[in-house]
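In: Quick check, what structure comes out for this input:
(chains A and B)
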Amino acid sequence: MDYDLGASADALRARLRELIREHVPEDFLGAFSHDPEDLALTQAFCKVLAKEGLLCLSWPVEYGGAGASVWEQTVVREEMWAHHEPRGAQYMGVNWVGPALMRHGTPAQRAQHLPPIAAGEVIWCQGFSEPEAGSDLASLRTRAVADEHGWLVSGQKVWTSYATMASWCVLAACTDPEASSSKRLTLFLVPMDRPGIEVRPIPSMLGPHHLNEVFLDEVRVTPEDVLGPVGGGWAVMRDALAYERVGIARYARCDSLLARLRQALGEEWDDLPAGLRSRWVRALVDVRVARLLAYNAVGRPEGVDPAAASLARIATTTCDQSVAELLLEAAGATALDSAEGAPVHGALDDHWRYAQAATVSSGTIEVQRMLVARQVLDERT
Amino acid sequence: MNSSLPEEVLSFSRSARRRLGSLGGAELALRAEQDRSERTAVGKALAELGVGELDVRDGEHQLLACAELCRVSGALALPWPLVEQLTAVGGRPLALVDLGRPRVDHGDVLDGWLGCDLDGNAHDLVVGTPTSAKLGPFLVPAELGAPQGRVSSDDVALHLVLGTWRLLGGLEAALAQVVEHVGVRRQFGRPLAEFQSVRFAVADASVAVRGLEELAKFTTWRLHCAPQPQRLVDATALRLHGAEKAVQVLRACHQLLGAVGFCDEHDVSVLDRHLQPLIRLPLSAEALAARLVPAVGRGELETLFT
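Out: Just a heads-up that it's a prediction; the model follows:
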């Protein structure tokens, strides 16, 4: 038994922190702001990472990656999320669109899409959720109606993050409404400037760019746009969602923010109410547990275990929310300051708002509980 | 990075579970409440397993074997002061106590007790008469004897860690009983396991137990590679987490079992009552958290960003 991630993972962590110090200002809170410079910063940082071979570290060498170990990939997830994801929207392309293309894409699709993702030059969004299909994704209603050239897609997507920034979308649509839920969906790779696509941002407490509506009005898609088999979309989506459960190392930002606020408070930390300081102790233990459960989910020889991933996600999302509350309480009267001079450059307010979505996005906590219960209650031998 | 227990440790654990389980598990614990001499068989079985030769301070494998043995003992509600025996100092069983009000679980089954608080301040203990309480039925009040200097922080840490492995074993066994129960118990024409609220409660308890398992393994590993004072800080944090998760999981177990879970004939009733000393002694969870506050203030609970 050994919890050391290894020398290469340690060196990678040190290198990433160096690059972040060099290229990412301390007050950076992610690409999702009203300031276009934040998006530009992430695009530039992705190119820095790509140049160092660090953007697609986990990808196989043949696709421009470095074939990194699962622990090196873990370090990248931790450091990026802890530092407000300076890859911006790129992580989706790197984390799951690229790997899905490697597994399910045609040679032409791989040749067209993998190099720009590896170079940090393209942003993807994910057209899955719909007004009537949230947790129950398999029941989505967007229709792809076949004709002699392929399909015409009509419908509506919602909650689509980065849709205003993205140049490509992995779009899920129903190609056979009569088929069983596992065979009715197909995935299409669609450029966002294709006629018939309209994006409308949804103002929200999360901040700009997080939530959008995407309207599809007879959008032309062809057989060349299909990712994986026609009718095989659900299997690819399940793969993607399983990855997404461990793809965001929320515990790492909790860890980082607790450390930053501790440092910012200095001796004032000792004057916090005793109850708050004992909650701080528990929060650090919960962060450690969430990290260990994430390691347990990804560190298996057979790859990410879906039930273990759900278990880890329950732990990390609930931890995210309790840490968010703790941080704002510890900030006291300055908790709601958002202008210049706000505690930790406004990161506490930003974290609290985003943490509210932790148990909803990428599969609600109820879905995660269903998956854990299924393994514990239905699959026991 | 490898969070799996070594195969030889798992093999030893399986042997221990077979041998100690053959004594009767929770039924034995219940019988021992009525007739304390029933515990003689436990001492004999432990000797057969070679517990006398296990040295918890002799390398990682021996420590892990002891941890797994404690986990088994928790699952079986084994009526024996195993943690105290395994962490013996100078051949004397070691009890972690509140020096103001010392209590020793199974204090009447071994001789020569040494007691210390979490700072390591040690005394001879003069154990009194068992009280046969419902909660912690084998707790024995004790009085302080002569001071015996200090027990090392590492011994205190070992004690806290092994005690939490015993707690973990008890919680795993309680949850397994509940999983079995909701699978067969039918209400409103269907098994309880088909009700969403039941499924969610089982899921949340599973998260708590698996999280505690991972933290127990990690903390045990840290005993061999972290510097002091982090080793003691980690061990205290583990016990804090274990005590709080125990309350959460046992509460969920009782709720899902309904009235049957309160009956002495049910394992969960026995497990819950017998785990109480580990949950509440020598300090409550809140007191453990308060002890950790200064350490956290100094950054001694190590994280990715301390």
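In: how about the residues of the stretch 101-250 of chain B that lie near chain A?
Out: B:179, B:182-183, B:193, B:199-200, B:202-204, B:206-207, B:210-212, B:214-215, B:217-218, B:220-222, B:225, B:237, B:240-241, B:244 (CB under 8 Å from any CB of the partner chain). Glycine gets a C-beta too; all of them are placed from N, C-alpha and C.
In: which residue of chain B sits farthest from its center?
Out: Here chain B reaches farthest from its C-alpha mean at B:G189, the gap being 38.4 Å by CA atoms, centre = their mean.
In: tell me the centre residue of chain A?
Out: A:I248 (5.2 Å).
In: Give me the buried subset of the residues of the stretch 101-250 of chain B next to chain A.
Out: B:179, B:182, B:193, B:199-200, B:202-204, B:206-207, B:210-212, B:214-215, B:217-218, B:220-222, B:237, B:240-241, B:244 (16 or more other CB atoms under 10 Å in any protein chain shown).
In: show me what contacts A:E198?
Out: When contacts are counted by CB atoms under 8 Å, 6 or more residues apart in numbering or on different chains, A:E198 is found next to A:214-215, A:217.
In: just curious, which of those residues is nearest to A:L326?
Out: A:V214 (36.0 Å; CB to CB).
In: Strands of chain B, residue ranges please.
Out: B:94-96, B:103-105, B:114-116, B:121-127, B:139-150, B:186-187, B:190-191 (DSSP state E).
In: now the longest one, how far from the chain's geometric center?
Out: Right, the one you point to is strand B:139-150. Taking CA atoms, centre = their mean, to the nearest Å, the mean C-alpha location of strand B:139-150 is offset from the chain mean by 21 Å.
In: One more: stretch A:130-140?
Out: On CA atoms, centre = their mean, the centre of stretch A:130-140 falls 19 Å from the chain's centre.
In: Tell me how far A:T106 lies from chain B.
Out: 36 Å (CB to the nearest CB, to the nearest Å).
In: and if you look at A:G341?
Out: A:G341 is 23 Å from chain B, by CB to the nearest CB.
In: what kind of secondary structure is that residue in?
Out: coil (DSSP: H, G, I helix; E, B strand; the rest coil).
In: now swap in A:A312 and tell me
Out: Classified using three-state DSSP, A:A312 is helix.
In: That one and A:S361, how far apart?
Out: Here A:A312 is placed at a distance of 15 Å from A:S361 (CB to CB, to the nearest Å).
In: With neighbour numbers in mind, choose between these two.
Out: A:A312 (30 against 18; other CB atoms under 10 Å in any protein chain shown).
In: what are the ranges of the helices in the stretch 201-306 of chain B?
Out: B:230-257, B:267-280, B:285-297 (DSSP state H, counting those that start in this stretch).
In: Any chance of JSON lines for the ones you listed, columns mean pLDDT and distance to A:E224?
Out: Converted to JSON lines, the helices of the stretch 201-306 of chain B look like this (pLDDT from 0 to 100; distance: least, CB to CB, whole Å):
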{"stretch": "helix B:230-257", "mean pLDDT": "98", "distance to A:E224": "52"}
{"stretch": "helix B:267-280", "mean pLDDT": "96", "distance to A:E224": "60"}
{"stretch": "helix B:285-297", "mean pLDDT": "96", "distance to A:E224": "57"}
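In: I'd like the strands of chain B written out as CSV, with mean pLDDT added.
Out: Output for the strands of chain B, formatted as CSV (pLDDT from 0 to 100):
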stretch, mean pLDDT
strand B:94-96, 98
strand B:103-105, 97
strand B:114-116, 98
strand B:121-127, 98
strand B:139-150, 97
strand B:186-187, 94
strand B:190-191, 96
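In: Could you dump those strands into JSON lines and include mean neighbour count?
Out: Listed next are the strands of chain B as JSON lines, based on neighbours: other CB atoms under 10 Å in any protein chain shown:
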{"stretch": "strand B:94-96", "mean neighbour count": "25"}
{"stretch": "strand B:103-105", "mean neighbour count": "23"}
{"stretch": "strand B:114-116", "mean neighbour count": "27"}
{"stretch": "strand B:121-127", "mean neighbour count": "20"}
{"stretch": "strand B:139-150", "mean neighbour count": "15"}
{"stretch": "strand B:186-187", "mean neighbour count": "12"}
{"stretch": "strand B:190-191", "mean neighbour count": "12"}
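In: Nearest to B:L46, out of the ones you listed?
Out: strand B:103-105 (15.7 Å).
In: Quickly run through the sheet partners of the closest one, with directions.
Out: If you go by DSSP bridges, strand B:103-105 pairs up with strand B:139-150 (antiparallel).
In: related to what we said a few turns ago, how about a markdown table for the strands of chain B, with distance to A:R282 added?
Out: Formatted as a markdown table, these follow (distance: least, CB to CB, whole Å):
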| stretch | distance to A:R282 |
| --- | --- |
| strand B:94-96 | 21 |
| strand B:103-105 | 26 |
| strand B:114-116 | 26 |
| strand B:121-127 | 26 |
| strand B:139-150 | 27 |
| strand B:186-187 | 36 |
| strand B:190-191 | 35 |
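In: what helices or strands is the helix with the most length in chain B leaning on?
Out: Identified as the longest helix of chain B according to DSSP state H is helix B:153-184. Other helices and strands packing on helix B:153-184, by 3 or more CB pairs under 8 Å, 6 or more residues apart in numbering or on different chains; DSSP states H and E, are helix B:59-75, helix B:82-86, strand B:94-96, strand B:190-191, helix B:196-225, helix B:230-257, helix B:267-280.
In: and that helix with helix B:267-280, angle?
Out: 150 degrees (axes from the mean of the first three to the mean of the last three CA atoms, to 10 degrees).
In: I'd like the distance from helix B:153-184 to the chain centre, please.
Out: 6 Å.
In: could you give the angle of it to strand B:121-127?
Out: Going by the same axes, to 10 degrees, helix B:153-184 makes 60 degrees with strand B:121-127.
In: tilt between helix B:153-184 and helix B:230-257?
Out: Going by the same axes, to 10 degrees, helix B:153-184 makes 20 degrees with helix B:230-257.
In: how far away is the nearest residue to A:M92 once chain neighbours are set aside from A:A100?
Out: In space, and not counting its chain neighbours, A:M92 is closest to A:W124: 5.4 Å by CB to CB, 6 or more residues apart in numbering or on different chains. Note on A:W124: its distance to A:A100, by CB to CB, is 10 Å.
In: okay, the two: which has more neighbours?
Out: A:W124 (26 against 20).
In: thinking the more buried one is in contact with A:A166, fair?
Out: Yes: under the criterion of CB atoms under 8 Å, A:W124 makes contact with A:A166 at 5.8 Å.
In: Figure out the helix or strand that A:L292 lives in.
Out: Under the criterion of DSSP states H and E, A:L292 resides in helix A:274-298.
In: Check which helices and strands that helix sits against.
Out: Going by 3+ CB pairs under 8 Å, 6+ apart, helix A:274-298 lies up against helix A:70-82, helix A:233-247, helix A:250-265, helix A:306-331, helix B:196-225, helix B:230-257, helix B:285-297.
In: Of these, which shows the lowest average pLDDT?
Out: For the helices and strands packed on helix A:274-298, mean pLDDT drops lowest on helix A:233-247, to a mean of 76.
In: Show me which residues of the stretch 251-381 of chain A are close to chain B?
Out: So far as CB under 8 Å from any CB goes, the stretch 251-381 of chain A lies against chain B at A:252, A:255-256, A:258-260, A:262, A:269-270, A:274, A:277-278, A:280-282, A:284-285, A:287-293, A:295-296, A:299, A:311, A:314-315, A:366, A:368-370, A:372-373, A:376-378, A:380.
In: Are any of those buried, and if so which?
Out: Buried, going by 16+ other CB under 10 Å: A:252, A:255-256, A:258-260, A:262, A:269, A:277-278, A:280-282, A:284-285, A:287-293, A:295-296, A:299, A:311, A:314-315, A:368-370, A:372-373, A:376-377, out of these.
In: How is chain A partitioned into domains?
Out: A:7-88, A:125-231, A:249-378 (automatic domain parsing).
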